[in-house]
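J.: could you look at this predicted model? Sequence included:
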Amino acid sequence: MTLIVVLCVACISLSIEFYHFKKLTRESLHVNTATVLNHYAKTNEKGRTYDVFKLKLDGSGAEVYTTSWRVVTMAIKTRVKVKLNVEKVTFLDYLKGFFAPSLALYEIYEDNPPFDVKPMYCFVEEQHENEKIAELYKTLLFATPISKELRDEVQKWGISHLIAISGYNVGVISFLLFFFLKPLYQFFQSRYFPYRNATADLTMVVLVVLFGYMVIIDFVPSFLRAFAMSVLGFFIYSRGIKVLSFEMLGLTTLGLLALFPSLVFSLSFWFSVAGVFYLFLFLHHFESLNRWVLLAIIDLGVFLLMVPIVHTFFPVFTFLQLTSPLSSLVFIVFYPLGVLLHVMNWGGIFDSYLLEFLHVKTQSFTLSFPVWFLASYVGFSLLAIRFRSLLFVCLALCLTSLFFIEVALP
């Protein structure tokens, strides 16, 4: 019955997307207003510099890449008007996010623009003298795109999953809200409404706050997955059913794919799903361990199990990435502290230390996996739900793969 509902929702979602696609491609030239999601300069083989824009079109919400040879300065979230040549765009391209040449692209000013988060960006930027650190915090707080230079420095430490807003952020935000709101709630509950369920009421407040934050960051796929699991988990928990289950993860994944078909092509979404899967897999087989022992090894275990998944698509490897589990523990403190300092307008306190951290020199290597290996590994991982021995096989494959670093990068 559940699969039938999911298939029906998927058919409806695809029909809506196809309607928007036909509306977009009704004429070979499409004129629309849009929001700039990303903007950076590139240089071609002939030495000519041009601008690359990632736009979110109004109406359909479709994401499109386009270029402009007229070099301009345009901030993220700027409102623009664009004329696109969409003659060669297919429905599959539309779902994945497509490229279309632009015949015109210019900034516009509106009396009633969509929700504007640029003042929040400026508030963060003004607290930092270094542009790279300001960019780091904007990415950490608002999921803004990052430059190639900063991406490389983050990747060498293996902390891309921390900077990409996802389940870590949902967990930390939820914990902090519960921590600060529960004493206040209990004070009023004991006097005015002792019959209310504190956990249920506070969970609703937390979900409302998380949804508002998700709107601000524009429904980042990894955060959307975590939020959907939180909502579904609360619904299941309220009915006395085990929350941390593979069934819930599978149902959430299928439901989101049915509602948002374009997530099929989102790497961040699948990385997020894989991370939660391996977390559940560890808890499934080692839940009998002492709580502190489990806490000590679970980050390392999930990190190792994610190695073939991540490095199939991103082959750059450094030995600094082996410190990623420790960075994950530090992040639990650093993230809320960073938010608090920015709210108090003291966001630049740790800038010098962060610059030293990012500028650490290290040798980069290549660690890559063929697609057939990834497919086999995913198969073993799924079977490991039933057979504990296969979990150890997966861990052994991950550890062994570290001895097959191919070549050093210049």
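T.: Yep, that arrived. Just so it is clear, the model here is predicted, and its values are computed rather than measured.
J.: and Gly275, what helix or strand is that in?
T.: helix 267-286 (DSSP states H and E).
J.: may I have that helix as CSV, with CA atoms only?
T.: C-alpha atoms of helix 267-286 as CSV (Å, rounded to 0.1, in the frame of the first residue of the first chain):
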residue,chain,number,x,y,z
LEU,A,267,24.8,14.0,-4.7
SER,A,268,24.4,15.9,-1.4
PHE,A,269,21.1,14.2,-0.9
TRP,A,270,22.5,10.7,-1.5
PHE,A,271,25.6,11.4,0.6
SER,A,272,23.2,12.5,3.4
VAL,A,273,21.1,9.3,3.0
ALA,A,274,24.3,7.1,3.0
GLY,A,275,25.7,8.8,6.1
VAL,A,276,22.4,8.1,8.1
PHE,A,277,22.3,4.6,6.7
TYR,A,278,25.8,3.7,8.0
LEU,A,279,25.0,5.4,11.3
PHE,A,280,21.9,3.2,11.7
LEU,A,281,23.9,0.2,10.6
PHE,A,282,26.5,0.8,13.3
LEU,A,283,23.8,1.3,15.9
HIS,A,284,21.9,-1.8,14.7
HIS,A,285,24.9,-4.1,15.2
PHE,A,286,26.6,-2.5,18.2
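J.: residues in contact with it?
T.: 161, 164, 166-167, 220-222, 224-226, 229, 244-246, 249, 253, 256, 263, 294, 297-298, 301-302, 305-306, 309-310, 313, 381, 384-385, 388, 391 (Cβ atoms under 8 Å, 6 or more residues apart in numbering). C-beta: built from backbone N, CA, C; applies to glycine.
J.: show the buried residues in these.
T.: 161, 164, 166-167, 220-222, 224-226, 229, 244, 249, 253, 256, 263, 298, 301-302, 305-306, 309-310, 381, 384, 391 (16 or more other Cβ atoms under 10 Å).
J.: just the endpoints, please. Distance across stretch 142-155?
T.: 19 Å (Cα to Cα, to the nearest Å).
J.: buried ones in that stretch?
T.: For stretch 142-155, by 16+ other Cβ under 10 Å, it's Phe142, Ala143, Thr144, Ile146, Leu150, Glu153, Val154, Gln155.
J.: nearest to Ile405 among those residues?
T.: Closest approach between those and Ile405, by Cβ to Cβ: Gln155, at 15.5 Å.
J.: what is the mean pLDDT for stretch 352-363?
T.: For stretch 352-363, the mean pLDDT works out to 89.
J.: mind checking the end-to-end distance for that stretch?
T.: 23 Å.
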